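structure for this input, please:
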Amino acid sequence: MRATRAKDGQALLEAALAVPIVILLALGTVEFGRAFFLGNYIAHAARDGARMAAVLTSPGNRNSCQKITDFSPVRNQVTNELGAAGVTGMSVDYVQSCATGASAPQTCGQPSNCDPGAAPCSTLAANNIPYVTVCVSGTFSYLFGLPFVGRSFTVVRSATFRDEQR
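Residues are numbered from 1 along each chain as shown. Purely as a prediction, here's the structure:
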C-alpha cells in the first residue's frame, strides 16, 4: 500500500513540473503564430499600398511633375485593409525616390534623392529608375505577457514598386 502512495505522489510531482512547461510552450506557440500572421498581413497591406501609389495619376494626387501631392487615398486603402483584420494604430508613410543605375531604392524616413518637382520639371536621366516605397509600422502588445519575452513587439514592413507615373 505504501509503494502505491509513493508512486501516486511521484506522478503528481512530475505532472506539477511538466504542466507549466507545456502551457508556456503552447502560449509561446500562439504568440509566435500571431506575430507571424501580423507581419505577413502588414507586408501584404504595404505591398498593396505601394502598388496603388505607383499607379496614382495626376491631376488629383500628383502635381504636373508627377510628384505625389496627396497620399491620403493610399493611406486610407492600407488602413482599411489592416482594419479588416482588426489591426489599428499603424503608421503609414511613403517616399518617392530615383535610384541611379542599379542602386537600391530608398526606405521611408530618408530624404528623397531626386526632385522631379523643380521648376521647370526636371526629367529623369535614362539610367535613373523612379521608385515609390510604402512603409507600415506599429507596436503590438503580447496577448499573454509571458515571462522573459517582454510586453510588446514592433512590426515594420515596407514594399517598393517602380513609380509608373514618372
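
where is the longest strand in the chain?
For the chain, the strand reaching the highest residue count under DSSP state E is reported as strand 128-141.

adjacent strands (with direction) for that strand?
Sheet pairing of strand 128-141 (DSSP bridges) gives strand 91-100 (antiparallel), strand 152-162 (antiparallel).

what about it, average pLDDT?
Looking at strand 128-141 alone, the average pLDDT works out to 86.

sorry, back to before: most tightly packed of the strands paired with strand 128-141?
The densest packing among those, expressed as mean neighbour count by mean count of other C-beta atoms under 10 Å, is seen in strand 91-100 with a mean of 19. Every C-beta, even on glycine, is put in place using the N, C-alpha and C of the backbone.

give me the helices and strands touching the lengthiest helix in the chain, please.
Looking only at the chain and at elements set by DSSP state H, the helix with the highest residue count is helix 2-54. In terms of contacts (3 or more C-beta pairs under 8 Å, 6 or more residues apart in numbering; DSSP states H and E), helix 2-54 is packed against helix 72-83, strand 91-100, strand 128-141, strand 152-162.

redo these as JSON lines? Include distance to A43.
As requested, the helices and strands packed on helix 2-54 are exported to JSON lines (distance: least, C-beta to C-beta, whole Å):
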{"stretch": "helix 72-83", "distance to A43": "11"}
{"stretch": "strand 91-100", "distance to A43": "13"}
{"stretch": "strand 128-141", "distance to A43": "8"}
{"stretch": "strand 152-162", "distance to A43": "4"}
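
ok, of the ones you listed, where does mean pLDDT dip lowest?
Considering these one by one, the lowest average pLDDT is found for strand 91-100, at a mean of 79.

tell me the angle it makes with helix 2-54.
Going by axes from the mean of the first three to the mean of the last three C-alpha atoms, to 10 degrees, strand 91-100 is angled at 60 degrees with respect to helix 2-54.

kind regards, and thank you for your time.
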